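Student: got a sequence here, can you build the structure:
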Amino acid sequence: MPYVRNVAVMAFLVLLTLPLAAAAETRYVSDQLVVTLRQQPADQAEVIATMRTDTPLEILAEEGRYLQVRIPSGEKGYVLSQYVTSELPKPLIIARLQKELAGLQQKLAAAQKAREAAINELQNIQATLAEESRTTEQQVTELQTALDQTRRELQEATERYDTLLANSREVVNITNARNQLEEDNARLNTEIETIRQENKKLLTTGMIQWFLAGGGVFLIGWLVGKLSRKRRSF
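Tutor: So this is what the prediction gives:
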């Protein structure tokens with residue numbers, strides 16, 4: 001498997017960078033159910049411990065078909081090299097992959113949750129924007145209606161102003177005409193009063209003249225009558 005080879009290469013490079021005195025290689029028990037750890041590098045040597053598949057081993061030395069190793073408990077012994085591999089065992093690979101898969105699933109779940117939250121937030125924003133848009137449209141409609149009403153009122157006010165302006169001009173003309181009429185009336189009243197005085201004087205003079213004329217006629221008649229009586233008496 002490429003993944004296994006890459007891991008092995010990386011592990012080998014890391015081991016090369018370590019000091020030689022501490023350069024202890026780690027290998028694993030290969031795909032066997034149980035492997036024995038012996039006191040000596042011999043098939044009949046005493047068994048110190050048994051190791052299951054995938055047990056990590058610290059390689060201390062190589063002696064023929066055997067490897068001197070240290071197991072996780074700290075014990076040292078020998079194990080057949082044919083049962084040891086430097087490649088990462090499949091169960092460990094599977095466990096690592098399962099762990100990585102679990103991590104990815106967690107990340108995926110978190111991403112899915114974040115995505116759902118983002119979708120909900122987006123839907124809320126869209127709903128808010130839609131509501132604000134409806135409110136804005138309503139406000140625009142109301143403002144347009146108010147603007148039209150204001151324009152009509154302005155037009156009516158302008159027409160009333162023009163009418164008042166025209167009427168004010170007529171009022172000025174009427175006022176001037178009234179003043180002229182008052183002046184003419186005063187002048188005519190003066191003239192009438194003058195004429196009345198003159199008529200009164202004429203009337204008085206005429207009455208005197210008539211009185212004098214009537215008195216003369218009466219006197220003449222009286223004299224004529226008196227003379228006539230005197231003539232008859234003679």
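Student: and stretch 68-85, what's buried?
Tutor: 68, 69, 70, 71, 77, 78, 79, 80, 81, 83, 84 (16 or more other C-beta atoms under 10 Å). All C-beta atoms are positioned from the backbone trio N, CA, C, and that covers glycine.
Student: the top strand by length along the chain pairs with which strands, and in what direction?
Tutor: Longest strand in the chain by number of residues (criterion: DSSP state E): strand 56-63. Partners of strand 56-63 in the sheet, by DSSP bridges, are strand 25-29 (antiparallel), strand 66-70 (antiparallel).
Student: hey, which of those is tucked in deepest?
Tutor: Per-stretch averages of neighbours, counted by mean count of other C-beta atoms under 10 Å, single out strand 66-70 among the strands paired with strand 56-63, with a mean of 20.
Student: what's across from the nearest residue to residue 40 once chain neighbours are set aside in the sheet?
Tutor: Distances taken as C-beta to C-beta, 6 or more residues apart in numbering put residue 78 closest to residue 40, at 6.3 Å, once the chain neighbours are dropped. Under the criterion DSSP bridges, residue 78 forms beta bridges with residue 38, residue 68.
Student: now do the contacts for residue 78.
Tutor: Counting by C-beta atoms under 8 Å, 6 or more residues apart in numbering, residue 78 touches 37, 38, 39, 40, 41, 42, 45, 63, 66, 67, 68, 69.
Student: for residue 166, state which of those residues is nearest.
Tutor: residue 69 (121.1 Å; C-beta to C-beta).
Student: nearest spatial neighbour of that closest one, chain-adjacent residues omitted?
Tutor: In space, residue 69 is closest to residue 57, 4.1 Å off (C-beta to C-beta, 6+ apart).
Student: bridged to the one you found, which residues?
Tutor: With DSSP bridges as the rule, residue 57 is bridged to residue 27.
Student: now the angle from the helix or strand encompassing residue 205 to strand 56-63?
Tutor: Element membership for residue 205, per DSSP states H and E: helix 90-233. Angle of helix 90-233 versus strand 56-63, following axes from the mean of the first three to the mean of the last three C-alpha atoms, to 10 degrees, is 150 degrees.
Student: and the gap between the residue most central in space within the chain and residue 139?
Tutor: Centroid-nearest residue in the chain, with C-alpha atoms, centre = their mean: residue 132, separated by 7.4 Å. Distance from residue 132 to residue 139, counting by C-beta to C-beta, to the nearest Å: 10 Å.
Student: and what of residue 47?
Tutor: Applying C-beta to C-beta to residue 47 and residue 139 gives a distance of 91 Å.
Student: cool, and residue 35?
Tutor: Applying C-beta to C-beta to residue 35 and residue 139 gives a distance of 83 Å.
Student: try residue 76
Tutor: For residue 76 relative to residue 139 (C-beta to C-beta), the value is 87 Å.
Student: cool, residue 167 as well?
Tutor: With the distance defined as C-beta to C-beta, residue 167 ends up 40 Å from residue 139.
Student: residue 202 now?
Tutor: Taking C-beta to C-beta, one finds residue 202 at 89 Å from residue 139.
Student: so how far is stretch 176-187 from its chain's centroid?
Tutor: Its chain's C-alpha centre and that of stretch 176-187 lie 70 Å apart, by C-alpha atoms, centre = their mean, to the nearest Å.
Student: same question but for stretch 44-53, I mixed them up
Tutor: With C-alpha atoms, centre = their mean, you get 77 Å for stretch 44-53.
Student: what does stretch 105-118 give?
Tutor: With C-alpha atoms, centre = their mean, you get 30 Å for stretch 105-118.
Student: done for today, thanks.
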